[in-house]
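# Compute the structure for the input listed below.
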Amino acid sequence: MSDYCVIGSGPAAVSAAMALTRRNLRVVMLDAGISLDAERRHLVSQLSERLPHEWRAAEVARLKEGIEATAAGIPLKRLYGSDFPFQSGGIRWTLQSTTTGIRPSFAKGGLSTVWGAGVLPFHPADMADWPFDPSELDPHYREVFSFLPCAAARDDLEEVFPIHSVAPHDLQPSRQAAAFLQDAAQARDRLRRDGIVIGRSRLAVQPRGAAPAGGQPCQYCGLCLYGCPYELIYSAEHTLRMLRSRPNFRYVPDFVVDRLREDHNEVTVTGYDRRTGEPREVRAGRVFLGAGVIPSTLIILCSLGEFGVRLRIQDSFYFLLPLVRVRGTPQLQEEKLHTLAQAFIAIRDEEICRYLVHLSVYTFNDLLAPSLRAAAGPLSRFGSAFAEAMASRMLVCGGYLHSHLSPGMWITVKNSGDTTTVHLEAEDSRRAKSVARRVGMKLVKTAASLRGIPLVPMIRFSHPGRGFHSGGSFPISRERSSHTADLEGRPYGFDRVHLVDASCLPSIPASTITLPVMANAHRIATLAAQRGL
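Below you'll find the predicted structure:
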């Protein structure tokens, strides 16, 4: 029997495992563990040992395969041209949904293989419905930043969101972003009176890579959204490598968990081998479930035998808002830059809503350019000169709303013989779309301060779940009842099973989700370790 078992290898799972192994506890991690194919892995390894000017065009083209933006936006992201983060080969259950954008990941590292790398905490004012004081997460934010890199600047945003990292490093903004941030700084007092705070983005990007040649710092090659050849963008797989070097940690790939059963002082974890289909089983004193909101919810419902029960998954609604700047930035296509979010905008305005609204600002990149051209519709007929002038002025804001303002998704697990199906159905999104448009109109009113005009008619809405800020199917509650979890993430009906991913969040504020999920997972694992076996 293993003492402690962690299910999954995404950010929540590795954070819980770090909390346990640092206390010299024995941990086994079970993971479906789908990985990048060997041929592409070899290509990335080769590129990581060279500088961008030494790369061949055909090699770079391989990394960009399969990603084509349209007027509707960008499709599910790939990593290095591969769709392995969303592959489900060997998984015995199927997902059925036409109205949601969320998808599970069975990849080693989970969704952190393709995330946007934003690392803001949740704002305490937006956690009023949480059953513990938000300050309880503060020490765990700091613990997480001991293995999670952070590129951040000390600016106005720090007054809204503290930087919990002890040693943040700098990442150079693009010229478009620098101009935008400079204009925002000059208008900071007016913006603050309007409830708007703007600062540099905070990103989980490390200062140097881990290539055999000693590791390169960021080369600003513009490939961030396709996959960094130097592996500077954090993935939970990086922490997994660290964990695997520890004698008290064991990683078991290709293990798909389908049920948990408590019996006296242990939990039996049953599942099957993803490659062969053979049954597999592990027994542990405690289990920490961090497989992602859909798989974790499925595992708990199947374990309880609650087929046909409808549970609500909460979501932070996602939208895209283009913004045209008065002043253009020439020769964008020649600029060396990173293409992750360049700036963050925090808006709190009671006339819009009582919660903070978060916007991530992206500047020009070759992935967004086709989407902007398509979204421009008839304006694109004015030719390449017009398109270039527009691109030099165009920013794209990716917005998020608090889950209390957003449509949720209803999940139902159905079982018929050997067939298990997960049905997802989205709630109506008209209210969230109305709030998003009011956000756009507020920014129109501050156009003089921003020196840019939001194109509200061009706002693009996604299906619920498309922003992947989802969770809360078994929300933590001080008084545990059916379909909730206690303060240690234990779902009703379990004493030795702890949910550690977003499925146990009481609500989902608008700012970036991964750092708070990791901190909460670290908090739960720490409390469970103190409880002992």
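# I'd guessed residue 149 sits against residue 206; true?
Yes. Contact criterion Cβ atoms under 8 Å: residue 149 and residue 206 qualify, at 3.8 Å. Any C-beta I mention is one placed from the backbone N, CA and C, and that applies to glycine too.
# List the residues that are in contact with both of those two.
residue 234 (Cβ atoms under 8 Å, 6 or more residues apart in numbering).
# Tabulate the CA atom coordinates of stretch 329-343 in CSV.
As requested, C-alpha coordinates have been extracted for stretch 329-343 and formatted as CSV (Å, rounded to 0.1, in the frame of the first residue of the first chain):
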residue,chain,number,x,y,z
THR,A,329,3.8,51.0,-34.1
PRO,A,330,5.6,50.4,-37.4
GLN,A,331,7.5,47.4,-38.6
LEU,A,332,5.8,45.0,-36.3
GLN,A,333,6.6,41.9,-38.3
GLU,A,334,10.4,42.5,-37.8
GLU,A,335,10.2,42.9,-34.0
LYS,A,336,11.6,40.3,-31.7
LEU,A,337,9.0,39.8,-29.0
HIS,A,338,7.2,37.3,-26.8
THR,A,339,3.5,36.7,-27.7
LEU,A,340,2.0,35.9,-24.4
ALA,A,341,-0.2,38.5,-22.6
GLN,A,342,1.7,41.7,-22.4
ALA,A,343,-0.5,43.7,-19.9
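# Buried residues, it. List them.
Across stretch 329-343, burial judged by 16 or more other Cβ atoms under 10 Å covers 329, 332, 335, 337-343.
# Make TSV from these and add pLDDT to it.
Shown next, in TSV, are those (pLDDT from 0 to 100):
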residue	pLDDT
329	84
332	78
335	90
337	94
338	95
339	94
340	96
341	97
342	97
343	98
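# Now distance to residue 9 and secondary structure too, for those, in JSON lines please.
Formatted as JSON lines, the buried residues of stretch 329-343 follow (distance: Cβ to Cβ, whole Å; DSSP: H, G, I helix; E, B strand; the rest coil):
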{"residue": "329", "distance to residue 9": "40", "secondary structure": "coil"}
{"residue": "332", "distance to residue 9": "37", "secondary structure": "helix"}
{"residue": "335", "distance to residue 9": "36", "secondary structure": "coil"}
{"residue": "337", "distance to residue 9": "31", "secondary structure": "strand"}
{"residue": "338", "distance to residue 9": "26", "secondary structure": "coil"}
{"residue": "339", "distance to residue 9": "26", "secondary structure": "coil"}
{"residue": "340", "distance to residue 9": "22", "secondary structure": "coil"}
{"residue": "341", "distance to residue 9": "25", "secondary structure": "coil"}
{"residue": "342", "distance to residue 9": "29", "secondary structure": "coil"}
{"residue": "343", "distance to residue 9": "31", "secondary structure": "strand"}
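# and residue 457, what are its phi and psi?
phi -60, psi -20 (degrees, to the nearest 10).
# Same question for residue 426.
Residue torsions, per degrees, to the nearest 10, at residue 426 are phi -90, psi 150.
# Now do residue 6: how many residues are near it, please.
The local packing of residue 6 (other Cβ atoms under 10 Å) involves 34 other residues.
# List the buried residues in the host helix or strand of it.
For residue 6, the host element (DSSP states H and E) is strand 2-7. Neighbour counts over strand 2-7 (16+ other Cβ under 10 Å) mark 2, 4-7 as buried.
# what packs against it?
If you count contacts as 3 or more Cβ pairs under 8 Å, 6 or more residues apart in numbering; DSSP states H and E, strand 2-7 packs onto helix 11-21, strand 27-30, strand 266-273, strand 279-289.
# Which helix runs longest in the chain?
With secondary structure taken from DSSP state H, the chain has its longest helix at helix 514-531.
# okay, that one in PDB with CA atoms only?
The C-alpha trace of helix 514-531 is given here as PDB (Å, rounded to 0.1, in the frame of the first residue of the first chain):
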ATOM      1  CA  THR A 514      -4.000  28.400 -12.200                       C
ATOM      2  CA  LEU A 515      -2.000  30.100  -9.400                       C
ATOM      3  CA  PRO A 516      -4.900  30.100  -6.900                       C
ATOM      4  CA  VAL A 517      -5.700  26.500  -7.800                       C
ATOM      5  CA  MET A 518      -2.100  25.500  -7.100                       C
ATOM      6  CA  ALA A 519      -2.100  27.400  -3.800                       C
ATOM      7  CA  ASN A 520      -5.400  25.800  -2.700                       C
ATOM      8  CA  ALA A 521      -4.100  22.300  -3.700                       C
ATOM      9  CA  HIS A 522      -1.000  23.000  -1.600                       C
ATOM     10  CA  ARG A 523      -3.200  24.200   1.300                       C
ATOM     11  CA  ILE A 524      -5.300  21.000   1.200                       C
ATOM     12  CA  ALA A 525      -2.300  18.600   0.900                       C
ATOM     13  CA  THR A 526      -0.700  20.400   3.800                       C
ATOM     14  CA  LEU A 527      -3.800  20.100   6.000                       C
ATOM     15  CA  ALA A 528      -4.100  16.400   5.100                       C
ATOM     16  CA  ALA A 529      -0.400  15.800   5.900                       C
ATOM     17  CA  GLN A 530      -0.900  17.300   9.300                       C
ATOM     18  CA  ARG A 531      -3.900  15.000   9.800                       C
END
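# Identify each buried residue in that helix, please.
By 16+ other Cβ under 10 Å, the buried positions in helix 514-531 come out as 514-526, 528-529.
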